[in-house]
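**Student:** sharing a sequence plus its predicted fold:
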Amino acid sequence: MVRLGELRTEHRDLDAAIVALGEGGVADQLQLARLKKRKLRLRDEIAQIEDQLIPDIIA
């Protein structure tokens, strides 16, 4: 699924940006918080798509 790959790539890119911003010395806390919030939204969207792809198996 193309969308899932795009979301995972953006999630990894945000992770790298968060690390880089944090290592930059005086971090912009507001920008850092926005990036982390976006990363969490992406994680939730990834999980939702993965749940749709994997059928529920009731034993």
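**Tutor:** Perfect, I can see it now.
**Student:** what sits up against the lengthiest helix in the chain?
**Tutor:** Taking DSSP state H as the criterion, the chain has its longest helix at helix 29-53. By Cβ atoms under 8 Å, 6 or more residues apart in numbering, the surrounding residues in contact with helix 29-53 are 1, 3-4, 7-8, 10-11, 14-15, 17-18, 21-22. To be clear about C-beta, it is placed using only N, CA and C from the backbone, and glycine gets the same treatment.
**Student:** what comes up buried for that helix?
**Tutor:** 35, 39, 42, 46 (16 or more other Cβ atoms under 10 Å).
**Student:** okay, these in JSON lines with pLDDT next?
**Tutor:** Shown next, in JSON lines, are these (pLDDT from 0 to 100):
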{"residue": "35", "pLDDT": "95"}
{"residue": "39", "pLDDT": "97"}
{"residue": "42", "pLDDT": "97"}
{"residue": "46", "pLDDT": "96"}
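**Student:** chain center to stretch 33-46, what's the gap?
**Tutor:** Chain-centre distance of stretch 33-46: 5 Å, with Cα atoms, centre = their mean, to the nearest Å.
**Student:** mind checking the end-to-end distance for stretch 16-34?
**Tutor:** Terminal residues of stretch 16-34 lie 14 Å apart, using Cα to Cα, to the nearest Å.
**Student:** could you tell me the average pLDDT over that stretch, please?
**Tutor:** Stretch 16-34 carries an average pLDDT of 87.
**Student:** shift numbering so it begins at 493
**Tutor:** Noted, 493 is the first residue going forward, which turns the last one into stretch 508-526.
**Student:** that stretch: how far from the chain's middle?
**Tutor:** Counting by Cα atoms, centre = their mean, stretch 508-526 comes out at 15 Å from the chain centroid.
**Student:** same thing with stretch 520-540?
**Tutor:** Distance, stretch centre to chain centre, for stretch 520-540: 6 Å (Cα atoms, centre = their mean).
**Student:** gap between the longest helix of the chain and the chain center?
**Tutor:** Helix 521-545 has its C-alpha centroid displaced from the chain centroid by 4 Å (Cα atoms, centre = their mean).
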